[in-house]
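**Student:** Sequence and predicted model, in that order:
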Amino acid sequence: MIASALFISLATVRSHVRNIYAKLHVNCGREAVVVALRDKIV
């Protein structure tokens, strides 16, 4: 859905998600949410 809405490929979305996980030092979406909330990113 994200790729369609932004007119980019699915591979590009996956690449961006991997980069976000790397910057947050996490391995999955749940961990990313926990870190984002803990560090008041969102």
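**Tutor:** In hand now; what should we look at?

**Student:** wait, V26 sits on A36?
**Tutor:** No - shown here, V26 and A36 do not form a contact pair, counting by C-beta atoms under 8 Å, at 9.3 Å. (C-beta placed from N, C-alpha, C; glycine too.)

**Student:** With F7 as the reference, measure out to the spatially most central residue of the chain.
**Tutor:** A centroid search over the chain (C-alpha atoms, centre = their mean) returns V17, at 3.6 Å, as the residue closest to the centre. Note on V17: its distance to F7, by C-beta to C-beta, to the nearest Å, is 17 Å.

**Student:** Could you list every helix and strand that the lengthiest helix in the chain packs against?
**Tutor:** Criterion DSSP state H: the longest helix present in the chain is helix 10-24. On a contact count with 3 or more C-beta pairs under 8 Å, 6 or more residues apart in numbering; DSSP states H and E, helix 10-24 meets helix 2-6, helix 29-38.

**Student:** What are the contacting residues of the longest one?
**Tutor:** Right, helix 29-38. Residues outside helix 29-38 that contact it (C-beta atoms under 8 Å, 6 or more residues apart in numbering) are I20, Y21, L24, H25, V26, I41, V42.

**Student:** Now the fourth one: closest residue in space, sequence neighbours ignored.
**Tutor:** Computed as C-beta to C-beta, 6 or more residues apart in numbering, the closest residue to H25 that is not its neighbour in sequence is V35, at 7.6 Å.

**Student:** And for the last one?
**Tutor:** With C-beta to C-beta, 6+ apart as the measure, A36 is the residue that lies nearest to V42, at 4.9 Å, once sequence neighbours are left out.

**Student:** Look at that neighbour and say how many residues are nearby.
**Tutor:** A36 is flanked by 14 other residues according to other C-beta atoms under 10 Å.
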